[in-house]
Structures are given as structure tokens and as C-alpha cells.
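Chemist: Sequence first, predicted model second:
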Amino acid sequence: MTDKTANASTLGYAGFALTLWMVSMLNAGWFGAAPAHMDMLLAFTFGGAVMALAGLMEFFRGRTIEMLTFLGFSAFWWTWAMHAHASSSDMMRDNAGGYMGWYFLVWAVFAFWIWLGSMRAGTMRNLFMLGLWLSLLALAIADWSGSNGFTMLGGYLGLITALIGGYISAAETVNAGAGHTVLALGDHHDSHDAHGTVAHA
């Protein structure tokens with residue numbers, strides 16, 4: 001029987017990439033004190049709700065890493081947006097006692113163990129998770145140290161990670177349409193079926 005289930009990771013990585021890019025531009029200092037309301041709306045919708053939907057779809061496809069990534073980080077984007085709205089802060093840097101440093105650190109640790117689990121999930125997915133946990137770690141250090149340099153580092157690492165996520169989404173979309181590998185993802189055996197399904201956990 002032909003598998004007619006769509007590859008939801010194309011949607012999940014797109015949501016992650018677009019949201020991460022917009023937020024990381026602020027952290028990288030490209031727009032200074034730019035209004036954050038559009039980023040909050042994007043985090044609620046594409047980064048939160050749509051990524052959660054993609055994670056649920058990946059659950060039913062039996063793809064553990066994508067399920068954990070999309071469902072877990074949809075919660076990250078929701079909490080980020082709610083905190084940014086409550087504090088009227090676009091980068092969440094002005095917090096007493098370094099509490100937000102711990103917020104970013106626990107998410108960095110979460111991304112770290114997904115990264116460990118993604119070692120056989122393909123080179124690009126592994127690089128995406130590597131960039132994600134490093135960017136979150138940089139933001140944690142920025143909060144603890146009060147260093148704008150680490151905030152910018154986290155922003156630029158986020159921008160690179162967003163580009164990788166965008167490439168994954170684009171490659172899986174193109175490969176699904178073509179029915180074979182056109183844009184390589186460095187997957188184990190680099191095998192795709194006609195619907196863009198990749199053989200990994």
C-alpha cells in the first residue's frame with residue numbers, strides 16, 4: 001500500500017526557521033529596540049501552534065526526533081511570546097538574578113539531548129540541533145553576565161541555525177515533489193521515498 005501521509009517535518013522546520021530568524025535578528029542587534037509584537041504573533045502562530053501540529057503529525061508517523069523537537073519547542077515559543085508580552089521586552093534580557101539565564105539553559109540542555117539523539121538522523125538535522133543548543137547556551141551566558149556580546153553571538157548562531165532549518169524544509173519539499181533526492185540532507189543512506197519520508201528515528 002502506498003503511504004499517502006504528508007511529510008510534516010517540512011512544515012515544522014519551516015515554522016522553526018522563520019520564527020527563529022525573526023527573533024534572532026533582534027538578538028543580533030540588527031534592529032535595536034524594534035517593536036516585538038510581530039515576533040510575538042509569529043511565535044504564537046507559526047512557532048507555537050503550527051509547530052505543535054507538525055509535532056503531532058510526526059508522532060503518528062513514528063518520527064521521534066521531529067516529534068520531540070516540534071512539540072517541545074512549540075512550548076518554548078509560546079512561553080517566549082507570553083513572557084515577551086508580559087514584560088514588553090523583545091529579547092528578555094532585563095531580568096533580576098539571572099533567572100532567564102536558567103530558562104535558556106534548560107532549553108539548551110533539552111536541545112543538547114535531542115542533538116545527541118540526532119547523530120544518525122542526517123547531517124543537516126544534526127547541525128540544526130547543534131546550532132540551536134549553542135545559541136540558547138549563548139543567551140543563557142548573556143543573561144548571567146549582562147554581556148551584549150553573548151546576546152549578539154546567540155543571535156548570529158540563531159540566524160545560522162534558522163538558515164539550516166529553512167534548507168531542511170526546502171530540501172524535503174523539493175525531494176518530495178521530485179520523488180528522489182535533489183537537495184542532499186546527509187541522511188543515513190540518503191534514501192527518500194516519493195513522499196519525502198526519510199529513514200531515521
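Modeler: Cool, got the structure.
Chemist: switch to C-alpha atoms for all contacts and neighbour counts from now on
Modeler: OK.
Chemist: Would you quantify the distance from L157 to T151?
Modeler: Remark: distance between L157 and T151 (C-alpha to C-alpha, to the nearest Å) = 10 Å.
Chemist: So between the two, which is more surrounded?
Modeler: T151 (26 against 23; other C-alpha atoms under 10 Å).
Chemist: which residues does the more buried one contact?
Modeler: N27, A28, A138, L139, A142 (C-alpha atoms under 8 Å, 6 or more residues apart in numbering).
Chemist: Which of the residues you listed ranks first by neighbour count?
Modeler: Busiest of these [other C-alpha under 10 Å] is L139, holding 33 neighbours.
Chemist: need the contact list for that residue.
Modeler: Here L139 is in contact with G101, F104, F150, T151, L153, G154 (C-alpha under 8 Å, 6+ apart).
Chemist: Repeat the analysis, applying 7 Å as the threshold.
Modeler: Residues near L139 by C-alpha atoms under 7 Å, 6 or more residues apart in numbering: G101, F104, F150, T151, G154.
Chemist: The second one and S135 touch, don't they?
Modeler: No. With contacts counted by C-alpha atoms under 7 Å, F104 stays clear of S135, the gap being 9.2 Å.
Chemist: In terms of neighbours, single out the busier of those two.
Modeler: More crowded of F104 and S135, by other C-alpha under 10 Å: S135, with 26 against 22.
Chemist: doesn't the more buried one fall inside a helix?
Modeler: Yes. Judged by DSSP: H, G, I helix; E, B strand; the rest coil, S135 forms part of a helix.
Chemist: and the closest residue to it other than its chain neighbours, how many neighbours does it have?
Modeler: Closest residue to S135 apart from its sequence neighbours, by C-alpha to C-alpha, 6 or more residues apart in numbering: G154 at 4.3 Å. Summarising burial for G154: neighbours were counted as other C-alpha under 10 Å, giving 27.
Chemist: With the one 10 residues further on instead?
Modeler: By other C-alpha under 10 Å, the residues close to I164 number 21.
Chemist: which secondary structure element contains it?
Modeler: helix 148-178 (DSSP states H and E).
Chemist: Now do the buried residues in that helix.
Modeler: Buried residues in helix 148-178, counted by 16 or more other C-alpha atoms under 10 Å: 148-176.
Chemist: Contacts only, for the residue nearest to S135.
Modeler: N27, S135, L136, A138, L139 are the contacts of G154 under C-alpha under 7 Å, 6+ apart.
Chemist: gap between the helix holding I164 and the chain center?
Modeler: 8 Å (C-alpha atoms, centre = their mean, to the nearest Å).
Chemist: for the chain, what helix or strand is lowest in average pLDDT?
Modeler: None of the helices or strands of the chain scores lower by mean pLDDT, DSSP states H and E than helix 37-44, at a mean of 80.
Chemist: As PDB, could you dump the C-alpha coordinates of that one?
Modeler: Coordinates of each C-alpha in helix 37-44 appear next as PDB, following Å, rounded to 0.1, in the frame of the first residue of the first chain:
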ATOM      1  CA  HIS A  37       4.700  42.500  18.600                       C
ATOM      2  CA  MET A  38       5.100  40.800  15.100                       C
ATOM      3  CA  ASP A  39       7.600  38.400  16.600                       C
ATOM      4  CA  MET A  40       5.200  37.600  19.400                       C
ATOM      5  CA  LEU A  41       2.400  36.900  16.900                       C
ATOM      6  CA  LEU A  42       4.700  34.700  14.800                       C
ATOM      7  CA  ALA A  43       5.900  32.800  17.900                       C
ATOM      8  CA  PHE A  44       2.300  32.200  18.900                       C
END
